[in-house]
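Q: take this sequence and fold it.
(2 chains, ligands or ions: 2)
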Amino acid sequence: MTKEVGLSHVTVEFGDYTAVDDAHLTIAGGEFFSFLGPSGCGKTTILRCISGFQEPSYGKLLIGGRDMRGIGPNKRPTALIFQNLALFPLMSVAENIAFPLEVRGVGKKERRRRADELLELIALPGQGDKRVDALSGGQKQRVAIARALAVEPDILLLDEPLSALDLKLRQHMRTELRAIQKQVGLTFIYITHDQGEALTMSDRVAVMSRGKIQQVADPATVYNAPATGFVASFVGENNMFEGRIAAPAGPDGTAEVDLGLGARVRVQAAPGLGAGEAVQVFVRPEALEPGGTAPNRLTARLEKVEFEGAMRHLLLRAADGTALRVSQVNTGGDAGPGPDAPVELGFAPAQAIALPPSELARAG
Amino acid sequence: MKPRGSLSAFAERNGIPVTLYLLTCVGIWVFLLVLLPQVTMLDYSFRANLPPSKVGGPEDVYTLEHYRYFLLGSSANPDGWNALDIGVLVKTLVAALFVTLFDLAICYPVAFLLAKGVRGGGARLLILALIVPFWVNEILRAFAFRILFGATGVLNETGMMLGLWEAPIDFIGSDVALYAGLGYAYILLMIFPLYNAIESLDSNQLEAARDMGASWAQVHRRVVIPYAKPGIASGCTMVFMLSAGALAAPQILGGPSNLWFTQLVYQWFNSGGNWPRGSAYAIILLVVCVGFVMFMMRVFRVSIGAIGR
Ligand SMILES: Nc1ncnc2c1ncn2[C@@H]1O[C@H](COP(=O)(O)OP(=O)(O)OP(=O)(O)O)[C@@H](O)[C@H]1O
Ligand SMILES: [Mg+2]
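A: Residues are numbered from 1 along each chain as shown, chains lettered A, B, ... in the order given. Ligands and ions are numbered 1, 2, ... in the order given. Next comes the predicted model:
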């Protein structure tokens, strides 16, 4: 059975520091939901609220519609996988996995049977008698998942569980986690500061900054239509230009914007942005195209070309000093423009967005 | 001892003078302060008790007389066993064990709170509050306990004033004062090993266990205590050894009928004027205590090396 998790205006304060500021969202049963944000933005604190180690200072936490205030972590239908896994080093792998059953008074035989079953699920059959220290990082990871699943939780909470693994293993475990989630059908609430992880695995992502939730949406929307300047610059690479609305958005949802670097472009904008208002315009590096026929045009000087195998990145500088980044698929052969050459860039209105200025946005 | 390779490596890194200095210090410590006195005592315990004039004479031979005496009593003893002295030894061990368990029961929660419960400044204050009372010297503390527990002491006065009991209770005669005094005297030696052990336990493991549905009792039984076992063993060993070997507290706080084994040793050395027998008794106490501790560590599967951690 799956239960939805509701955060109703949850605020957590430590002294006069607000770690989580008015988080308000609902996570559906069976969903793979991620909290994405930089270090220290309050992700772990939210997870600790859901698991019961931290009571919200204000607001309510609901699981399956029930207010969880005063209900301890051992009484909630959640299981938390810690940032450092927190396996018990003095117990064998099987004992670790069966610990939740042991404390519920399940008999030894049955515990062993369940542990073996779960070991099967995490693709470590027959390794139950090993010491935890004898396992590799990825195997420990899977044991931690099995142990959490042994609780038979409705909701699995994962706190950056892959951060300690090397890149290859991390990518492998992403697929594996997603597969396990599909198989067991539980709600996964996943925390990460790695946008790649959040985007590839999640049904929906909540992007956080300084305790505030900036946007809750599916990965494509977060990437293509960021709600705030922070989201636009934190998720993926982005070019940012300061500008001012020249003509507010019409029925087609695009507005005309005068860019600081001396060009007038047509970009996506919220209808609320009136003429003369300062905005930040974001254009993805892959949306900028040298030459081409797109209506919005900029010129900049090429400073450097970064070669990265499948991709090639052009680093340019506009006349007013704004740095630009253009990413191209490497098609081979073509050497591209030479250094110091003036390059004309074009981009489509649908691929650029104007947002109210945010101090949290940093130029891509 | 370290293998020679590491010693020469140490000498290379820190220079010959430093190495020699360290070796000399360790040598003096081990030989002069630890080995020599014990070996002398051991030697003494096998000698006859002779006046100075006869030392080195024909009567000065090695003998098991003192050990025989401990087991069988004087040759005039009809029932065969030295029930009195053996009884005192057994009682001392049982009492020391009791003091140890009592301290463990008190110190475990305190150490756990210190290590995991209170944050930063609070812990430092608590530790200070634990240490400072030990600046009061042992004798003074023992007499203070005597006054506290005496027939007209604070405890009896308060109890009677509140109507809890009518006549003064003989806390000293019933050894309550002794146990309290001994228990208190070694509390730090129990708390610090426990604190050290528990402190290094990853707090996430406590939370993980809680999260998986364990009650606090289960968290302690399955996670904290197994992890802290070396610390528990180390604390218990120290408290046990020191209470079994205590002299001042039993002397001052013990009831008139209660003899601590160390008091027997003291009597042989002092009023009895029989140093070899005193030595034999001291050696017996040492050997029996060490044997007992080893046995207990066997039972609880703690290795000797773990205690040093
Ligand atoms: N118990 C606490 N007391 C005081 N401040 C705390 C406490 N727990 C967290 N904080 C503060 O709250 C903020 C958010 O912490 P949190 O652990 O939620 O961040 P995070 O997003 O998980 O970061 P990371 O990615 O580094 O794990 C931090 O600034 C942290 O210092
Ligand atoms: Mg965190």
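
Q: longest helix of the chain?
A: In the absence of a named chain, this looks at chain A. Criterion DSSP state H: the longest helix present in chain A is helix A:167-184.

Q: hmm, I had chain B in mind actually
A: helix B:83-112.

Q: for that helix, buried residues please.
A: By neighbour count on 16 or more other C-beta atoms under 10 Å in any protein chain shown, the buried set for helix B:83-112 is B:85-86, B:88-89, B:92-93, B:95-97, B:99-100, B:102-104, B:107-108, B:110-112. All C-beta spots, glycine's among them, are computed from the backbone N, C-alpha and C.

Q: check stretch B:129-144 too.
A: B:130, B:141-142.

Q: what lies in contact with it?
A: With contact meaning C-beta atoms under 8 Å, 6 or more residues apart in numbering or on different chains, stretch B:129-144 is reached by B:110, B:181, B:184-185, B:187-188, B:191, B:248-249, B:252-253.

Q: what pLDDT is listed against residue B:4?
A: Note on residue B:4: pLDDT of 58.

Q: likewise residue A:170?
A: Residue A:170 carries a pLDDT value of 83.

Q: what about residue A:182, how many neighbours?
A: A count of neighbours around residue A:182, defined by other C-beta atoms under 10 Å in any protein chain shown, yields 11.

Q: from residue A:176, how far off is it?
A: Noted for residue A:182: a distance of 11 Å to residue A:176, by C-beta to C-beta, to the nearest Å.

Q: please apply the same query to residue A:225.
A: Counting by C-beta to C-beta, the separation of residue A:225 from residue A:176 is 30 Å.

Q: OK, contacts around residue A:294?
A: Residues in contact with residue A:294, defined by C-beta under 8 Å, 6+ apart, are A:346-348.

Q: redo those residues as JSON lines? Include secondary structure and pLDDT.
A: What follows is the contacts of residue A:294, written out as JSON lines (DSSP: H, G, I helix; E, B strand; the rest coil; pLDDT from 0 to 100):
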{"residue": "A:346", "secondary structure": "strand", "pLDDT": "91"}
{"residue": "A:347", "secondary structure": "strand", "pLDDT": "91"}
{"residue": "A:348", "secondary structure": "coil", "pLDDT": "91"}
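
Q: please tabulate those residues in TSV and include neighbour count and distance to residue B:80 as additional columns.
A: Shown next, in TSV, are the contacts of residue A:294 (neighbours: other C-beta atoms under 10 Å in any protein chain shown; distance: C-beta to C-beta, whole Å):
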residue	neighbour count	distance to residue B:80
A:346	17	113
A:347	24	108
A:348	16	110
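
Q: nearest to ligand 1 among those?
A: residue A:347 (33.4 Å; C-beta to the nearest ligand atom).

Q: so that closest one makes contact with residue A:281?
A: No: counting by C-beta atoms under 8 Å, residue A:347 stays clear of residue A:281, with 10.0 Å between them.

Q: what touches both of these two?
A: Common neighbours of residue A:347 and residue A:281 (C-beta under 8 Å, 6+ apart) are residue A:265.

Q: ok so, going back, what is the longest helix of chain B packed up against?
A: If you count contacts as 3 or more C-beta pairs under 8 Å, 6 or more residues apart in numbering or on different chains; DSSP states H and E, helix B:83-112 packs onto helix B:65-72, helix B:176-185, helix B:187-199, helix B:225-244, helix B:261-269, helix B:275-299.

Q: name the residue of the stretch 151-300 of chain A that lies nearest to ligand 1.
A: Using C-beta to the nearest ligand atom, residue A:193 is the residue of the stretch 151-300 of chain A that sits closest to ligand 1, at 5.0 Å.

Q: quick one, phi/psi of that residue?
A: Per-residue torsions, residue A:193: phi -110, psi 10 (degrees, to the nearest 10).

Q: for residue B:186, what are its contacts?
A: By C-beta under 8 Å, 6+ apart, the residues touching residue B:186 are B:99, B:103, B:238-239, B:242-243.

Q: okay, it and ligand 1: tell me how far apart.
A: Distance, residue B:186 to ligand 1, using C-beta to the nearest ligand atom, to the nearest Å: 35 Å.

Q: over to residue A:131?
A: According to C-beta to the nearest ligand atom, residue A:131 and ligand 1 sit 28 Å apart.

Q: count the neighbours of that residue for me.
A: 11.

Q: skipping adjacent residues, who's closest to it in space?
A: residue A:92 (6.3 Å; C-beta to C-beta, 6 or more residues apart in numbering or on different chains).

Q: test my guess that the one you found contacts residue A:134.
A: No: using C-beta under 8 Å, residue A:92 makes no contact with residue A:134, being 9.7 Å away.

Q: quick one: which of these two has more around it?
A: Legend: neighbour count by other C-beta under 10 Å for residue A:92 and residue A:134, higher for residue A:92 (17 against 12).

Q: next, the more buried one: phi, psi?
A: With angles defined as degrees, to the nearest 10, residue A:92 sits at phi -70, psi 170.

Q: buried sites along the helix or strand hosting residue A:118?
A: Assessed by DSSP states H and E, residue A:118 sits inside helix A:108-121. In terms of neighbour count (16+ other C-beta under 10 Å), helix A:108-121 has its buried residues at A:111-112, A:114-116, A:118-119, A:121.

Q: quick one: is the helix or strand following it near chain B?
A: Going down the chain from helix A:108-121, the next helix or strand is helix A:137-150, by DSSP H and E. Yes: if you take C-beta under 8 Å from any C-beta of the partner chain as the test, helix A:137-150 does meet chain B, through A:147-148, A:150.

Q: hmm, which of those are the buried ones?
A: Buried among the residues of helix A:137-150 next to chain B (16+ other C-beta under 10 Å): A:147-148, A:150.

Q: can you list those in a markdown table and add distance to residue A:285 and pLDDT?
A: As requested, these are exported to a markdown table (distance: C-beta to C-beta, whole Å; pLDDT from 0 to 100):
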| residue | distance to residue A:285 | pLDDT |
| --- | --- | --- |
| A:147 | 42 | 93 |
| A:148 | 39 | 91 |
| A:150 | 45 | 90 |
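
Q: of all these, which comes closest to residue A:342?
A: Nearest to residue A:342 out of those is residue A:148 (C-beta to C-beta; 57.0 Å).

Q: right, and the closest one touches residue A:81 too?
A: Yes: using C-beta under 8 Å, residue A:148 is in contact with residue A:81, at 5.2 Å.

Q: alright, I will stop here.
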